[in-house]
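A.B. asks: what's the 3D shape of this:
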Amino acid sequence: MKHLIRANTCRVFRGLGIYVTIILIFLMSSYIALGSTAPHFGIVNYGPDTIQVIFNGFSNFVHLPLALAIFVSGALFTYGAIANELAFGLSRAKIYFSHLMLGSALCIVLVLVFILWSVFLGSIINGFGNMPLGFWLEKTGILGVMLIHLLALSSLATFLVFTSKRTSITIGAFFAYLIVPRLLVEMSSVINPNFLRFRAFDLVYSIVLMAQMPYLEAAQVHQAIAVAMGIIVLTTCIGIILFEFRDV
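C.D. replies: Numbers count the residues shown, from 1 in each chain. Have a look, this model is predicted:
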């Protein structure tokens, strides 16, 4: 399977889309670093202060897993590359899992590069400052939980690519997941506030909430992690089963 991952990595980086995505990430991270470290009312914000700014706007990353899933797996069905992958003699489960691993790994790497570049650039501008005790441990914990949510979105995006087999349907279904459940919950909560409980199953809402993780109850954090992990397991298992028995 490692040879398949290596071959797909080379294919992804031969395309233009991944480089456009990387450039946009660097531009966005530079903008955040410059904006969050600019002195406001005489208060100096140091490079590491950009981390919380990034966390507060982490929901902007929810489209990254979709783009990467399309770059990594979309060509399988768009250009008929699935026949070449099956020629490796690997099972369909391994093919599915290799694509999921590559898309997820790229997502994590790009997010980490985004954060490191922002902190680096912000530190050059205003210095590193003196961080309070436990600062990095706290931020690492927040980042870890947020990355689990991004991996859940990556699993969902890969599932949609392999089950829909069409990029347009994948994009439409992904955005429908991001928008429709939230609208239904908000509209239903007008009738009965108890419907707000279903926000726990909204990954985007959870990502926004987790930015303030130190101020949340442990039960809220555990529930958010459980929902994200459940989506990863569910979409991966169902995706592999459907891919295994459907014609390509």
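A.B. asks: so who does the residue nearest the centre of the chain touch?
C.D. replies: Centroid-nearest residue in the chain, with Cα atoms, centre = their mean: Leu150, separated by 2.9 Å. Shown in contact with Leu150 (Cβ atoms under 8 Å, 6 or more residues apart in numbering): 61-62, 64-65, 107-108, 111, 207. Using the backbone N, CA and C atoms, a C-beta is placed for each residue, glycine as well.
A.B. asks: what's the first helix or strand after the top helix by length along the chain?
C.D. replies: Secondary structure of the chain per DSSP state H: the longest helix is helix 92-126. Sequence-wise, the next helix or strand downstream of helix 92-126 (DSSP states H and E) is helix 135-164.
A.B. asks: any idea how far whichever strand or helix holds Ser168 is from the middle of the chain?
C.D. replies: Taking DSSP H and E as the definition, Ser168 sits inside helix 167-191. In terms of Cα atoms, centre = their mean, to the nearest Å, the centre of helix 167-191 is set 17 Å apart from its chain centre.
A.B. asks: same thing with stretch 194-205?
C.D. replies: The chain centroid and the centroid of stretch 194-205 are separated by 18 Å under Cα atoms, centre = their mean.
A.B. asks: what's the first-to-last distance across that stretch?
C.D. replies: 16 Å (Cα to Cα, to the nearest Å).
A.B. asks: contacting residues around it?
C.D. replies: With Cβ under 8 Å, 6+ apart as the test, stretch 194-205 has contacts from 59, 62, 149, 152-153, 178, 181-182, 185, 188-189, 206, 223-224, 227-228, 231.
A.B. asks: check stretch 152-170 too.
C.D. replies: By Cβ under 8 Å, 6+ apart, the surrounding residues in contact with stretch 152-170 are 62, 65-66, 68-70, 72-74, 76-78, 96, 99-100, 103-104, 107, 173-174, 177, 203, 227-229, 231-232, 235-236, 238-239, 242-243, 248.
A.B. asks: let's see which of these end up in helices.
C.D. replies: 65-66, 68-69, 76-78, 96, 99-100, 103-104, 107, 173-174, 177, 203, 227-229, 231-232, 235-236, 238-239, 242-243.
A.B. asks: of those residues, buried ones?
C.D. replies: 65-66, 68-69, 76-77, 96, 99-100, 103-104, 107, 173-174, 177, 203, 227-228, 231-232, 235-236, 239, 243 (16 or more other Cβ atoms under 10 Å).
A.B. asks: quick one: low-confidence ranges for the protein?
C.D. replies: By pLDDT under 70, the weakly predicted segments of the chain are 41-42, 78-80, 88, 247-248.
A.B. asks: follow-up on the earlier one: can you give me the buried ones in the longest helix of the chain?
C.D. replies: Within helix 92-126, the residues that count as buried by 16+ other Cβ under 10 Å are 92, 95-107, 110-111, 114-115, 117-119, 121-123, 125-126.
A.B. asks: state the number of residues packed around Phe195.
C.D. replies: 15 (other Cβ atoms under 10 Å).
A.B. asks: could you measure from it over to Gly230?
C.D. replies: Distance of Phe195 to Gly230, computed by Cβ to Cβ, to the nearest Å: 20 Å.
A.B. asks: also His63?
C.D. replies: His63 is 22 Å from Gly230, by Cβ to Cβ.
A.B. asks: and what of Ala33?
C.D. replies: Taking Cβ to Cβ, one finds Ala33 at 35 Å from Gly230.
A.B. asks: no more questions from me, cheers.
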